[in-house]
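**Student:** what follows is a predicted structure for the sequence shown.
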Amino acid sequence: MPTTLQGIETLGECTKKKMKNQKVAIVTGAGQGIGLEIARKLLDTGSNVIVNDLEKSLTEQAVANLSRLGKGAVMGCSGDSASEIVIQELIDLAMKNFGRIDQVVCNAGITLFGSFLDYSREDFTEVTRVNQAGTFFLTQAASQRMKDQPEGGAILFTSSVTAHQSHENLAAYAMSKAAIEMLAKNLVLELAPFGIRINTIAPGATLTERTTSDPDYASTWSKLTPIGRPASPEDIAEAAAFLLSDAARHITGQTLIVDGGWTSISPSPYA
């Protein structure tokens, strides 16, 4: 079952009235790394934010840290973002406390490495369940609310450079990311009439808690990246915030690659 957390004491009528004109964002996979920085950036730009992470401790920590910024309301819901129950909880939190959903970031995802020739059916099913089905059904649930709003809304998927260039031992993951990029393009047909924009960011090598557990990661990708360094989570968050903002009001169905130029030359870390 999902666990709901509040970064403010209560959202009483007075608070709701005060925040009436602020945008409301849902960000999954926001306990750390790229998702957390996107949530932070959206708070900085004036949104109230509902954060989600699979791990309760990370969700709690994110809510506490973001709340200290004093920028807007922060709430959290821990649990599997591909679960129908958690998706509904996220939607209900937004609607009950703010009455609207303006921005959704489908950032949660998993990477299960493995050689194609012996990749297990269990790993394949889990990667596609979280990365594809989780993205699809959260977008569906949010769009059902956004379509009734005069302002529509903005949705963002997190893809990967592996959707554009081959990377060893990531066949299933790359396929799942390419799939959500095509989903964003396809949904333009159905969502644009309601004023709902939908785009994708595709990060390259990024310094997060997961990647920096490899002591050679930063030095390896600094050599492989034309700009001379891997991305920081802030680099990705800046691009995400732009695509979700009114400044990108005429952009939909697009994928923005944020990789310091890696896909232009694509040297392999295994070479």
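**Tutor:** Thanks, I have it.
**Student:** could you point out which element follows the one helix or strand in the chain whose mean pLDDT sits lowest?
**Tutor:** Across the helices and strands of the chain, mean pLDDT, DSSP states H and E gives its lowest value to helix 13-18, namely a mean of 48. Downstream of helix 13-18, the first helix or strand assigned by DSSP states H and E is strand 24-27.
**Student:** as a whole number, average confidence for that following strand?
**Tutor:** Mean pLDDT, computed over strand 24-27, is 98.
**Student:** same question, stretch 166-183
**Tutor:** 96.
**Student:** in PDB, list the C-alpha atoms belonging to it.
**Tutor:** Only the C-alpha atoms of stretch 166-183 are listed here, as PDB (Å, rounded to 0.1, in the frame of the first residue of the first chain):
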ATOM      1  CA  SER A 166      23.400   1.000 -28.800                       C
ATOM      2  CA  HIS A 167      24.800   0.200 -25.300                       C
ATOM      3  CA  GLU A 168      26.000  -3.300 -24.300                       C
ATOM      4  CA  ASN A 169      23.800  -5.400 -21.900                       C
ATOM      5  CA  LEU A 170      20.900  -2.900 -22.000                       C
ATOM      6  CA  ALA A 171      18.600  -4.300 -24.800                       C
ATOM      7  CA  ALA A 172      15.500  -4.500 -22.700                       C
ATOM      8  CA  TYR A 173      16.100  -1.200 -21.000                       C
ATOM      9  CA  ALA A 174      16.800   0.600 -24.300                       C
ATOM     10  CA  MET A 175      13.700  -0.900 -25.800                       C
ATOM     11  CA  SER A 176      11.600   0.300 -22.900                       C
ATOM     12  CA  LYS A 177      13.000   3.900 -23.300                       C
ATOM     13  CA  ALA A 178      12.500   4.000 -27.000                       C
ATOM     14  CA  ALA A 179       8.900   2.800 -26.400                       C
ATOM     15  CA  ILE A 180       8.100   5.800 -24.200                       C
ATOM     16  CA  GLU A 181       9.600   8.200 -26.600                       C
ATOM     17  CA  MET A 182       7.200   6.900 -29.300                       C
ATOM     18  CA  LEU A 183       4.400   7.000 -26.800                       C
END
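**Student:** now what about that stretch, what contacts it?
**Tutor:** With C-beta atoms under 8 Å, 6 or more residues apart in numbering as the test, stretch 166-183 has contacts from 106, 109, 111-116, 119, 123-124, 127-128, 131-132, 135-136, 139, 157, 159-164, 200, 202, 255, 268, 270. C-beta coordinates here come from the backbone N, C-alpha and C atoms, glycine included.
**Student:** any idea how far that stretch is from the chain center?
**Tutor:** Computed by C-alpha atoms, centre = their mean, to the nearest Å, the chain-centroid distance of stretch 166-183 equals 16 Å.
**Student:** for the residue nearest the centre of the chain, give me the pLDDT.
**Tutor:** For the chain, the residue nearest the mean C-alpha position is N107 (2.2 Å; C-alpha atoms, centre = their mean). For N107, the model assigns a pLDDT of 98.
**Student:** from what I see, it and S160 are in contact.
**Tutor:** No - the pair N107 / S160 is not scored as a contact, 11.5 Å apart, by C-beta atoms under 8 Å.
**Student:** and the contacts of stretch 166-183, which of them are in strands?
**Tutor:** Counting by DSSP state E, the part of these found in strands is C106, F157, T200, A202, T255.
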